[in-house]
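> build me a model from this:
(one chain, ligands or ions: 1)
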Amino acid sequence: MGVRAAWLRSLLGLALAGLAGVACNDGRDGPAPAPSGGRVTVVATIAQVGALARAVAGDLAAVRVLVGPGVDPHDHELTAGDRKAIDGAAVIFRNGLGIDGFLDKAIDAGRARVVTVTDGLALRTGEGGEPDPHVWHDPDNDRAMVARMAEALAGVDGANAAAYRQNAAAYAERLTSVDAEIRALVATIPPANRKLVTNHDSLGYFIGHYGFTYVGAVIPGLSTAAEPSAKDIARLEDLVKKEGVKAIFAESSVDPRVAQQVAADTGVRVVDTLYGDSLGASGSGAETVDGMLLANARMIAEALR
Ligand SMILES: [Zn+2]
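From the prediction side, this is the model:
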């Protein structure tokens, strides 16, 4: 099968998995299916992990994502439906690194295999020295994560092992192609303008991979839980002016008001639709990780060039 055909097949799988996801929300419940019969059920904690899992699962496994599109994972609370899905899953994919700590309360039974998909990645650290969970903003990390997911699915559903690996390889190719497209977009931004101010410190991996400079964040830190003080805001506004920052990037799942205020005070534009911790809604083109990366790169290039 050619790469294009494999990719189309994987897209079809995504659509089918999406439909299955809807069907799974009707309260259907029960033990994980035997690997040999029926579709394997997978739970993914956050949207990005879920989208990668769907790319790997295709139509062979049903993926349920606990944190929906546009929702801030940093303060997600488990629902009764989440707990049911967790209890019924053959495998649970989590990001780890604190962003899906809500899972900890539900997995003590140890019934499902829990795979932390970021294990083994080279992690950046935030200003406080803690590991940065927002790994999906670097396509190299996404490629490593789909490979890990394919092996985990092969482990619980050996009959389809080859297909999971093929889906992961096809998606890795897609990520490689998007990576090149993003580099071409970044090349259209004058080097002096490649400076990012985001709503919280969520884009570090993107910044590192594509050679941007991180100037600061409206909410200091890797979580959205912190509150910026008046002093923090004044310091950021000074930096924005001093560094000649062209735009402030708020995020689709975070309250943009303080970012808008910083932009107004410093006379720069604000883009408040960046995907930091979330993906787009179904049909937006940014409901996949590759689509999200490209959408972000287009918004950034358009605002900074
Ligand atoms: Zn975040």
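
> use CA for all of it now, contacts and neighbours both
Noted.

> who touches the residue nearest the centre of the chain in this structure?
What sits nearest the mean C-alpha location of the chain, by C-alpha atoms, centre = their mean, is Gln48, with 3.1 Å. Counting by C-alpha atoms under 8 Å, 6 or more residues apart in numbering, Gln48 touches Trp136, Ser278, Leu279, Thr288, Val289.

> out of those residues, who has the most neighbours?
Tallying neighbours with other C-alpha atoms under 10 Å puts Leu279 at the head of the contacts of Gln48, with 28 neighbours.

> distance of Ala271 from Arg235?
One thing to correct before we go on: residue 271 is Val, not Ala. Per C-alpha to C-alpha, to the nearest Å, Val271 is found 20 Å from Arg235.

> higher neighbour count, those two?
Using other C-alpha under 10 Å as the criterion, Val271 and Arg235 rank with Val271 on top: 20 against 12.

> mind checking how far the more buried one is from Pro131?
Counting by C-alpha to C-alpha, the gap from Val271 to Pro131 is 26 Å.

> centre of the chain versus the helix or strand hosting Ala263, how much separation?
Under the criterion of DSSP states H and E, Ala263 resides in helix 257-266. Centroid separation for helix 257-266 versus its chain: 26 Å, with C-alpha atoms, centre = their mean, to the nearest Å.

> go on, stretch 192-203?
For stretch 192-203, the separation from the chain centroid amounts to 17 Å (computed by C-alpha atoms, centre = their mean).

> what's the end-to-end length of that stretch?
Taking C-alpha to C-alpha, stretch 192-203 runs 18 Å from one end to the other.

> ok, residues contacting that stretch?
126, 132, 134, 137, 207, 211-224, 240, 244-251, 254, 256, 259, 276-277, 304-305.

> now do the helices in this protein.
Ranges of helices in the chain, per DSSP state H, are 3-24, 47-57, 80-88, 139-156, 161-186, 204-210, 230-243, 257-266, 289-304.

> most tightly surrounded among these?
Across the helices of the chain, averaging neighbours per residue (mean count of other C-alpha atoms under 10 Å) puts helix 47-57 on top, at a mean of 28.
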